[in-house]
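**Student:** Here is my input; please provide its structure:
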Amino acid sequence: MMGGADFCPGGSIFADDEDASFFLPRGHQVDVYFPTRKRSRINAPFVFSGELFDQKHKTSFESLPDECLFEIFRRLPEGEDRSACACVSKRCLTLLSNICKNEICSNIKNIRPENGFSEKGHEFGGEGYLSRSLEGKKATDVRLAAISVGTASRGGLGKLSIRGSNSDRGVTNLGLKAVAHGCPSLKTLSIWNVATIGDGGLIEIASGCQQLEKLDLCKCPTISDKALIAVAKNCPNLAELLLESCPNIGNEGLEAIGKCCSNLRSISIKDCTSVSDQGIASLFSSASLSLTKVKLQALTVSDLSLAVIGHYGKAVTDLVLNFLPNVSERGFWVMGNGNGLQKLKSLTVASCQGATDIGLEAVGKGCPNMKSAHLRKCVFLSDNGLVSFTKAAVTLESLQLEECHSVTQNGFFGVLFNCGANLKAISLVSCFGIKDMNLSLSSISPCESLRSLSICNCPSFGNTTLYVLGKLCPQLQYIELTGLEGLTDDGFLPLLKSSKAGLVKVNLSGCVNLTDKLVLCLANLHGWTLETLNLDGCKNITDSSLMAISENCPFLCDLDVSKCAITDSGIAVLADAEQFNLQVLSISGCTLVSDWSLPALRKLGHTLLGLNIQHCNAISSSTIDMLLELLWRCKILS
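**Tutor:** Residues are numbered from 1 along each chain as shown. Take a look at the predicted model:
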């Protein structure tokens, strides 16, 4: 809901906003708004107290100076009266949006109890219940002014997002000034890719919106430390700060945040070229700060920053370190041995040359409560280093490796052999070092704790490795094996037969060599526990699989058979199944499904909440229209 609707609930008198330009010329940075049922001006003379007055003798409201209008407007009761006055002209809107809460006459009370709001509910600014978002050409100063006036009596604006800006009448400091004056309840502000806002606008926000709790600045090149210092001094409740691609925000701003914002719990700094070790050190070394979530990405910081985090990050629970090219192995080693990350639960490291075997082992030892680790593009991490890391991180429950090409099958199974009783989920994504090799299982105890296995886009992963996994991990419930073209039924069947817990979610998308034989076994052995099945792109899957599913999987709620060889007969089998509660069905790209499936899809529609029939070329547009009408509560992608 945009600002215009806040103070003009009836909308514009024109069908298209651009039509207004044919009647009223627009200047630079001017939007035009029209009130509901606005009365036409009377051009004829009128009679008052028996005397005849000509129109030229009438005093014009617009001719009053700003000072007089200001005194009139600040005496208006909140609600419809104030919003209606904002509709008169851009001048009135501007004046109203620049009236601060402390300038409203305190003896003015709402005289319209029938509108459903109590007198307390009409307090200027409210409690910050409303959320507004402006994007692209809709982001203008006038719309911000409209939001400022329109939301004041409706619970108050709590969240504002500005993304992009109108190329002709973009958001400037004046728009933020209007928000600062009219929205003291603002708690969340996001400004993305707006080069026309400078320090002045954010300083106004800091002064007028002192309840601010979250600030997100992305690609704001003209905002500097000066504005961030103002936020730090005036917004003590600030709890979350996100800075991305802001080249003029640097060490001084972070130092002020560290000193003044004792409630700050989360900070993310990405691609801010002015931030160095000094800023990170001053932020973390502040005695009043207790950060719990920290993300540093694409910065020129060195080992010193990691040493500071390792020593002062006593409250940190989530740490993300991405693309820090100047950080070496020594930085990770010092951070792990700083004894300050005792509460760390989640660690993400990506594209850091310092993430070596020695560095990560030290981090594992120094974080005794780590539950989750995501290692991406760690080119210097070997099999021995991975095993040493998982041995050191004794409480680790989830491990994800992505594009770690130096890790081979030996390192992968070494983790499973040595993980202890805590590891519940492991994921490999695009790890090209994993090869399909024979492995002896003599005198090796199974990994009873593992519940979730995900292998995605590892082209050399095949039947032999999967067979070993089936023997090693008997308690699996969630399996994701996607993009594995070398996998066949012979490799997957042993895993199905050795699984004791019962599979709940199975994703086999892109495994093009799997057949109906596998689905039949899956349905027979795990039909009573299976809830989600994805066979997208498995071109050898036919109606026989759908028959097995309909007969054996009563709790299946999400089925994806896109680009499979199913026909209208298979859809009919699904529809005729008893005790079937399918909620999401995707048959995208199934060229053998035609208009004949309309009755079956209609029958399935009693439970369906989502249906994907994209690229089903044999289904006509008329059938799609009927489905849209019949399955009105179901979201259909066509």
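**Student:** make it CA atoms for all contacts and neighbour counts henceforth
**Tutor:** Fine.
**Student:** give me the low-pLDDT residue ranges for the stretch 101-250 of the chain?
**Tutor:** 101-128, 152-154 (pLDDT under 70).
**Student:** Specify the residue ranges that define each domain of the protein.
**Tutor:** Using the TED database, the domain parsing of the chain gives 67-101+132-275, 518-637.
**Student:** Determine which of those domains approaches S302 most closely.
**Tutor:** Proximity to S302 (Cα to Cα) singles out domain 67-101+132-275 among the domains of the chain, at 11.2 Å.
**Student:** about what we covered before: and of the domains of the chain, who's closest to V415?
**Tutor:** The closest of these to V415 is domain 518-637. By Cα to Cα, the value is 27.3 Å.
**Student:** same question for the closest one, mean pLDDT?
**Tutor:** Taken as a whole, domain 518-637 has a mean pLDDT of 94.
**Student:** hang on, the earlier thing: now tabulate the domains of the chain in CSV and tack on distance to G340 and mean neighbour count.
**Tutor:** Formatted as CSV, the domains of the chain follow (distance: least, Cα to Cα, whole Å; neighbours: other Cα atoms under 10 Å):
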stretch, distance to G340, mean neighbour count
domain 67-101+132-275, 16, 21
domain 518-637, 42, 19
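**Student:** I'd like these as JSON lines, with distance to H311 appended.
**Tutor:** Shown next, in JSON lines, are those (distance: least, Cα to Cα, whole Å):
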{"stretch": "domain 67-101+132-275", "distance to H311": "16"}
{"stretch": "domain 518-637", "distance to H311": "45"}
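**Student:** Please identify which of those domains is closest to L304.
**Tutor:** Among the domains of the chain, domain 67-101+132-275 sits nearest to L304 (Cα to Cα), with 13.2 Å.
**Student:** picking that back up, between the domains of the chain, which one is nearest to T482?
**Tutor:** T482 lies closest, by Cα to Cα, to one member of those: domain 518-637, at 9.4 Å.
**Student:** gap between the closest one and the chain center?
**Tutor:** A distance of 30 Å separates the centroid of the chain from that of domain 518-637, by Cα atoms, centre = their mean, to the nearest Å.
**Student:** and W333, which of the domains of the chain is closest to it?
**Tutor:** domain 67-101+132-275 (22.4 Å).
**Student:** between the domains of the chain, which one is nearest to R376?
**Tutor:** Checked against Cα to Cα, the stretch from those lying closest is domain 67-101+132-275, at 17.2 Å.
**Student:** picking up where we left off before, so which of the domains of the chain is nearest V316?
**Tutor:** domain 67-101+132-275 (8.8 Å).
**Student:** Return the distance of the closest one from the chain's centre.
**Tutor:** With Cα atoms, centre = their mean, you get 21 Å for domain 67-101+132-275.
**Student:** Check stretch 409-421 too.
**Tutor:** Worked out by Cα atoms, centre = their mean, stretch 409-421 lies 33 Å from the chain centre.
**Student:** ok, and what's touching that stretch?
**Tutor:** If you take Cα atoms under 8 Å, 6 or more residues apart in numbering as the criterion, stretch 409-421 is touched by 382-384, 386-387, 390-391, 394, 396, 433-437, 444-449.
**Student:** give me the low-pLDDT residue ranges for the stretch 301-450 of the chain?
**Tutor:** Applying pLDDT under 70 to the stretch 301-450 of the chain picks out residues 420, 439-444.
**Student:** Please enumerate the helices of it.
**Tutor:** Residue ranges of the helices in the stretch 301-450 of the chain, as given by DSSP state H, counting those that start in this stretch, are 303-312, 329-336, 357-366, 383-392, 409-418.
**Student:** nearest to S207, of those?
**Tutor:** helix 303-312 (30.9 Å).
**Student:** Just want the angle from that closest one to helix 329-336.
**Tutor:** If you take axes from the mean of the first three to the mean of the last three Cα atoms, to 10 degrees, helix 303-312 sits at 10 degrees to helix 329-336.
**Student:** Show me what helix 303-312 is packed up against.
**Tutor:** Other elements packing on helix 303-312 under the criterion 3 or more Cα pairs under 8 Å, 6 or more residues apart in numbering; DSSP states H and E are helix 277-284, helix 329-336.
**Student:** can I get the helices of the stretch 301-450 of the chain in TSV with distance to S245 and mean neighbour count?
**Tutor:** Below are those laid out as TSV (distance: least, Cα to Cα, whole Å; neighbours: other Cα under 10 Å):
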stretch	distance to S245	mean neighbour count
helix 303-312	19	22
helix 329-336	24	23
helix 357-366	29	24
helix 383-392	33	21
helix 409-418	37	18
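**Student:** nearest to K226, of those?
**Tutor:** Comparing the helices of the stretch 301-450 of the chain by Cα to Cα, helix 303-312 comes nearest, at 23.3 Å.
**Student:** centre of the chain versus the closest one, how much separation?
**Tutor:** For helix 303-312, the distance to the chain centre is 29 Å (Cα atoms, centre = their mean).
**Student:** do stretch 623-638 as well
**Tutor:** 28 Å.
**Student:** hmm, back to that, now the helices of the stretch 301-450 of the chain as TSV including distance to C616?
**Tutor:** Compiled in TSV, the helices of the stretch 301-450 of the chain are given as follows (distance: least, Cα to Cα, whole Å):
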stretch	distance to C616
helix 303-312	53
helix 329-336	52
helix 357-366	49
helix 383-392	46
helix 409-418	40
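**Student:** Out of the ones you listed, which gets nearest to L157?
**Tutor:** helix 303-312 (36.1 Å).
**Student:** so G336 sits right up against A362, yeah?
**Tutor:** Yes: between G336 and A362 there is a contact under Cα atoms under 8 Å: 4.9 Å.
**Student:** re the thing from before, to V512, which of the helices of the stretch 301-450 of the chain lies closest?
**Tutor:** In terms of Cα to Cα, the element of these nearest to V512 is helix 409-418, at 23.0 Å.
**Student:** Need the CA coordinates for that closest one. CSV is fine.
**Tutor:** Extracted in CSV, the C-alpha atoms of helix 409-418 (Å, rounded to 0.1, in the frame of the first residue of the first chain):
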residue,chain,number,x,y,z
GLN,A,409,35.9,-39.5,-0.7
ASN,A,410,38.5,-40.3,2.0
GLY,A,411,37.8,-37.0,3.8
PHE,A,412,34.0,-37.3,3.4
PHE,A,413,33.9,-40.8,4.9
GLY,A,414,36.5,-39.8,7.5
VAL,A,415,34.0,-37.3,8.8
LEU,A,416,31.3,-40.0,9.1
PHE,A,417,33.7,-42.4,10.8
ASN,A,418,34.8,-39.8,13.4
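**Student:** Enumerate every residue touching N513.
**Tutor:** Contact analysis of N513 by Cα under 8 Å, 6+ apart lists E485, G486, L487, T488, D489, C538, K539, N540.
**Student:** Is it possible to get those residues out as CSV so that each row also shows secondary structure and distance to G470?
**Tutor:** Listed next are the contacts of N513 as CSV, based on DSSP: H, G, I helix; E, B strand; the rest coil; distance: Cα to Cα, whole Å:
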residue, secondary structure, distance to G470
E485, coil, 19
G486, coil, 17
L487, coil, 14
T488, coil, 14
D489, helix, 13
C538, coil, 21
K539, coil, 25
N540, coil, 23
